[in-house]
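Colleague: Sharing a sequence plus its predicted fold:
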Amino acid sequence: MYSSLPIQSHDWSIEIDRVKQRFDREFKQEAFDLPAEVEAMPIFREWIAHNLTAKITSPFWELAEFKKNHRCLDIGCGVSFLVYNWREWETYFYGQEISIVSRNALNSRGPQLNSKLFKGVQSGAAHQLHYEEGMFDRVIATGFSCYYPPEYWKLVLQEVKRVLKPDGIFIFDAIDPDAELAENWAILEMYLGAEVFLSSLDQFTEIIKEVGGRVSSTKSGELFQMYQVSF
């Protein structure tokens with residue numbers, strides 16, 4: 001059992017702002033001033049050479065089962081619409097993002113790439129979605145659950161449940177604390193400005209059940225495990 005906190009009354013703004021600042025700096029390509037011992041780590045050299053992304057990116061489309069004209073919400077989307085095959089999937093893209101830099105970039109370039117499929121990105125945290133109930137066929141949230149404790153993720157699941165259609169699917173990932181990369185990646189992220197929580201995967205399974213969800217499928221990667229969840 002994970003330790004329950006009074007999640008409804010907790011102010012998550014400090015944690016959210018920490019993650020926002022970390023990714024704003026990366027999207028603006030600002031330099032990070034790291035200690036020499038961190039820069040000497042092999043994982044840092046992979047990160048600086050842009051070789052780490054392929055290892056830590058979760059291929060959400062493999063579990064999403066997209067169909068033509070699906071509405072999909074990508075939470076913490078970054079610049080997702082610019083780099084993934086939304087045109088091939090013929091899926092309408094909606095986003096929500098805490099990084100103002102990536103939100104502005106996506107809202108500027110998304111319509112130029114495909115004005116039919118791109119439906120815009122809202123500013124906001126994952127536990128407060130700015131969309132109507134039952135609006136989406138699919139919701140995606142990859143690459144950021146690790147920056148928050150499981151108590152926060154329970155709020156996210158409740159919000160996702162609210163905006164999903166009854167037959168909708170939620171795809172998210174969680175860091176596998178037993179993965180070979182996990183500890184060193186957590187150290188690197190700490191120095192880049194965001195704390196990583198190496199929570200057990202059992203905690204996520206438990207939270208999913210608590211909010212009335214069920215895991216339909218999973219897929220393991222080098223750092224993250226993906227979950228396909230329905231409610």
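Modeller: That came through, no problem. The structure displayed is predicted, hence computed values, not measured ones.
Colleague: Next, name the residue at the spatial heart of this protein.
Modeller: Residue closest to the average C-alpha location in the chain (CA atoms, centre = their mean): T142, at 3.0 Å.
Colleague: was I right about it contacting F172?
Modeller: Yes. With contact defined as CB atoms under 8 Å, T142 and F172 form a contacting pair (6.3 Å). For glycine as for every other residue, the C-beta is placed from the backbone atoms N, C-alpha and C.
Colleague: How far off centre is stretch 185-203?
Modeller: 14 Å (CA atoms, centre = their mean, to the nearest Å).
Colleague: and the helix or strand of the chain with the lowest mean pLDDT, which residues are buried?
Modeller: Across the helices and strands of the chain, mean confidence by mean pLDDT, DSSP states H and E is lowest for helix 53-56: a mean of 90. Within helix 53-56, the residues scored as buried using 16 or more other CB atoms under 10 Å are I56.
Colleague: in the helix or strand that contains R45, what counts as buried?
Modeller: The secondary structure element spanning R45 is helix 42-48 (assigned by DSSP states H and E). By 16+ other CB under 10 Å, the buried positions in helix 42-48 come out as 43-44, 46-47.
Colleague: and which of those is nearest to C77?
Modeller: Using CB to CB, W47 comes nearest to C77 of those, at 20.8 Å.
Colleague: where do the helices sit along the protein?
Modeller: 13-27, 36-39, 42-48, 53-56, 61-64, 80-83, 86-89, 100-113, 150-163, 182-192, 201-210 (DSSP state H).
Colleague: Identify the residues contacting the residue nearest to the centre of the chain.
Modeller: Shown in contact with T142 (CB atoms under 8 Å, 6 or more residues apart in numbering): 57-58, 60, 76, 171-173, 224, 226.
Colleague: possible to save those as CSV with distance to Y147 and neighbour count?
Modeller: Formatted as CSV, the contacts of T142 follow (distance: CB to CB, whole Å; neighbours: other CB atoms under 10 Å):
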residue, distance to Y147, neighbour count
T57, 16, 17
S58, 15, 23
F60, 18, 23
G76, 9, 24
I171, 18, 25
F172, 13, 29
D173, 12, 28
F224, 12, 24
M226, 17, 20
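Colleague: quick one: which of these is nearest Y191?
Modeller: For those, the nearest to Y191 is F224 (20.0 Å; CB to CB).
Colleague: just to revisit the earlier point, tell me, what's touching T142 and F172 both at once?
Modeller: In contact with both T142 and F172: M226, using CB under 8 Å, 6+ apart.
Colleague: rewinding a little: minimum distance to F231: which of the helices of the chain has it?
Modeller: That would be helix 150-163 among the helices of the chain, by CB to CB, at 4.8 Å.
Colleague: Can you tell me the strand partners of the strand ranked longest in the chain and which way each runs?
Modeller: Secondary structure assigned by DSSP state E gives strand 164-175 as the longest strand of the chain. Next to strand 164-175 in the sheet, as set by DSSP bridges, lie strand 136-141 (parallel), strand 224-230 (antiparallel).
Colleague: Highest mean neighbour count out of those?
Modeller: Highest mean neighbour count of the strands paired with strand 164-175: strand 136-141, a mean of 25 (counted as mean count of other CB atoms under 10 Å).
Colleague: circling back to that earlier point, so what does the helix holding R45 touch, helix or strand wise?
Modeller: helix 182-192 (3 or more CB pairs under 8 Å, 6 or more residues apart in numbering; DSSP states H and E).
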